[in-house]
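[1] model this:
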Amino acid sequence: MLKIGFIGAGKMAEALIKAVINSRITDNKNIYASDKNKERLDCIKKETKIHIFNDNKKIIDNSDIVFLAVKPQNMDEVLDEIKNIVTNQLIVSIAAGITLKKLELKLKNKRIVRVMPNTPCLVGEMAAGFSLGKNCNDKDAKIIEEILSSAGKAFLLKEELLDAVTGLSGSGPAFIAYLLEGMIEGGVKSGLNKDIATELALQTAKGTAKLLQETGMTTQELIKTVSSPGGTTIAGREILEKSDVKEILIKTIEKATKRSKELGK
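    This is a model prediction of the structure:
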């Protein structure tokens, strides 16, 4: 079976490990993880029953695919440690802002993939973009898409588009949470208990996303469906559309995308 290693055993790595095991891409006997934090390693072993090491080189030695799930500021140290022992392993970086060019400078002539995941990966609802390095092949693309899709949705894109992925789905959970916060406060001001308002807002967001995904309905079609003439939705839309919320959201995504490009330089 496929052997998968993780250098870095944080929450994102744990979520991917659980998704891979649940989807039966491989089993826990063929998954390996290392981390500087012993408590974190012990926790992930308890949760998933995978193999753990305190030596990154053992991850390389035992794996066909190696995920670099470390913080961007720690990437140089890890790359320097493994650059002379990587052979034919597929290397997958999920570190924000670390370009394929930088990775390929350190790991010369190696097969490298760059992934931009997002935090809903923690509940199996990731929205990710990924890009292939110059030495990757179609088989690499297929297996990485399969692994990532076990934790949500993943799209193969040109690397220059990963900044837009960062702005939209990488930062997006914070923007959506901000909007939900306003909806919850609106419910409370209208007389609802905060706990009830929170559950109603969260379920509404979840249900709306599911409705759009499963029916193929466009956003405009859904807006029209909910907006009965002279009804409550029309009354609320008057406030939204006069305040130009759509343009603000567009600018928000553009600003986050621009910042991602700056950080990647």
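[2] Can you name the residues in contact with stretch 75-82?
    Stretch 75-82 is contacted from outside by 7-8, 56-57, 60, 66, 68, 70, 93, 95, 98, 103, 106-107, using Cβ atoms under 8 Å, 6 or more residues apart in numbering. Where you see a C-beta, it was placed from the backbone N, CA and C, and this is true even at glycine.
[3] how about that stretch: buried residues?
    75, 78-79, 82 (16 or more other Cβ atoms under 10 Å).
[4] Name the nearest of these relative to Arg259.
    Of all these, Met75 has the smallest distance to Arg259: 18.9 Å, by Cβ to Cβ.
[5] so how far is whichever strand or helix holds that closest one from its chain's centroid?
    Assigned by DSSP states H and E, Met75 belongs to helix 75-82. Remark: helix 75-82 is offset 23 Å from the chain centroid, using Cα atoms, centre = their mean, to the nearest Å.
[6] again with stretch 34-42
    So, by Cα atoms, centre = their mean, the centroid of stretch 34-42 is 22 Å from its chain's centroid.
[7] can you give me the end-to-end distance of that stretch?
    10 Å (Cα to Cα, to the nearest Å).
[8] any idea which element Leu113 lies in?
    Just so we're on the same page, residue 113 is Val rather than Leu. Short version, using DSSP H and E: Val113 is in strand 112-116.
[9] can you list the residues that contact that strand?
    Residues from elsewhere that reach strand 112-116, judged by Cβ under 8 Å, 6+ apart: 90-94, 96, 98-100, 103-104, 128-133, 135-136, 140, 144, 148, 154, 159, 162, 165-166, 169-170.
[10] Tell me the strands beside it, with direction?
    strand 90-93 (parallel), strand 126-132 (antiparallel) (DSSP bridges).
[11] deepest of these, which one?
    Of all the strands paired with strand 112-116, strand 90-93 has the most neighbours on average by mean count of other Cβ atoms under 10 Å, namely a mean of 26.
[12] who touches Lys18 in this structure?
    47-48.
[13] Checking my notes, it in a helix, right?
    Yes - the assignment for Lys18 is a helix, going by DSSP: H, G, I helix; E, B strand; the rest coil.
[14] any idea how far it lies from Met217?
    For Lys18, the distance to Met217 equals 31 Å [Cβ to Cβ, to the nearest Å].
[15] residues of the host helix or strand of Glu254 that come out buried?
    Glu254 belongs to helix 245-263 when assigned by DSSP H and E. Buried positions in helix 245-263, judged by neighbour count with 16+ other Cβ under 10 Å: 252-253, 256-257, 260.
[16] helices or strands next to that helix in the packing?
    Under the contact definition 3 or more Cβ pairs under 8 Å, 6 or more residues apart in numbering; DSSP states H and E, helix 245-263 sits against helix 162-165, helix 172-189.
[17] Could you identify which of those is most buried?
    helix 162-165 (a mean of 23).
[18] residue contacts, the closest residue to Ser171 other than its chain neighbours?
    Nearest residue to Ser171, sequence neighbours excluded (Cβ to Cβ, 6 or more residues apart in numbering): Ala256, at 4.4 Å. By Cβ under 8 Å, 6+ apart, Ala256 lies in contact with 166-168, 170-171.
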